[in-house]
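Colleague: Pasted the sequence and its predicted model underneath.
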Amino acid sequence: MIVIKSEYCPQNHHCPSLRVCPAGAIRQEGVKAPYIDQKKCTDCGLCVQSCRVFQQVVTPSTVNK
């Protein structure tokens, strides 16, 4: 699962990481911190590589993937 660490985001610009998500799971309202649509997220990790705002969290359901 990918989570957002919004304390690292200046929240005054359009998130450049929106375009790195192949599933279209990163969303943003105006210039607020982005958020992840967990139903669309495939846990590919490309957003984690693009910006420190994104963090991959290991959950019991993702351990055996």
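Modeller: Perfect, thanks for sending it. Numbers count the residues shown, from 1 in each chain.
Colleague: only C-alpha atoms for contact and neighbour calcs from this point on.
Modeller: OK.
Colleague: just checking, Pro34 touches Pro16?
Modeller: No - using Cα atoms under 8 Å, Pro34 is not in contact with Pro16, being 10.0 Å away.
Colleague: higher neighbour count, the two?
Modeller: Neighbours per residue (other Cα atoms under 10 Å) separate Pro34 from Pro16, with Pro34 holding more: 24 against 11.
Colleague: which residues touch Gln11?
Modeller: For Gln11, the contact set (Cα atoms under 8 Å, 6 or more residues apart in numbering) comprises Val31, Lys32, Ala33.
Colleague: now it: how far from Gln28?
Modeller: From Gln11 across to Gln28, the span is 10 Å (Cα to Cα, to the nearest Å).
Colleague: And for Lys5?
Modeller: From Lys5 to Gln28 the distance is 14 Å (Cα to Cα).
Colleague: for His13, same thing?
Modeller: Distance of His13 to Gln28, computed by Cα to Cα: 10 Å.
Colleague: between these two, who's got more neighbours?
Modeller: Legend: neighbour count by other Cα under 10 Å for His13 and Gln28, higher for Gln28 (14 against 11).
Colleague: any chance you could map the strands in the chain?
Modeller: Using DSSP state E, the strands of the chain run over 2-4, 26-27, 35-36, 54-56.
Colleague: ok, so of the contacts of Gln11, who is nearest Val48?
Modeller: Ala33 (14.8 Å; Cα to Cα).
Colleague: Run through the residues that contact that closest one.
Modeller: If you count contacts by Cα under 8 Å, 6+ apart, then Ala33 has Ser6, Cys9, Pro10, Gln11, Cys15 around it.
Colleague: Let's test this: what are the backbone torsions at the closest residue to the third one other than its chain neighbours?
Modeller: Think Pro10. Take Pro10 and drop its neighbours on the chain: the residue closest to it by Cα to Cα, 6 or more residues apart in numbering is Ala33, 7.7 Å away. Note on Ala33: backbone dihedrals following degrees, to the nearest 10 are phi -60, psi 140.
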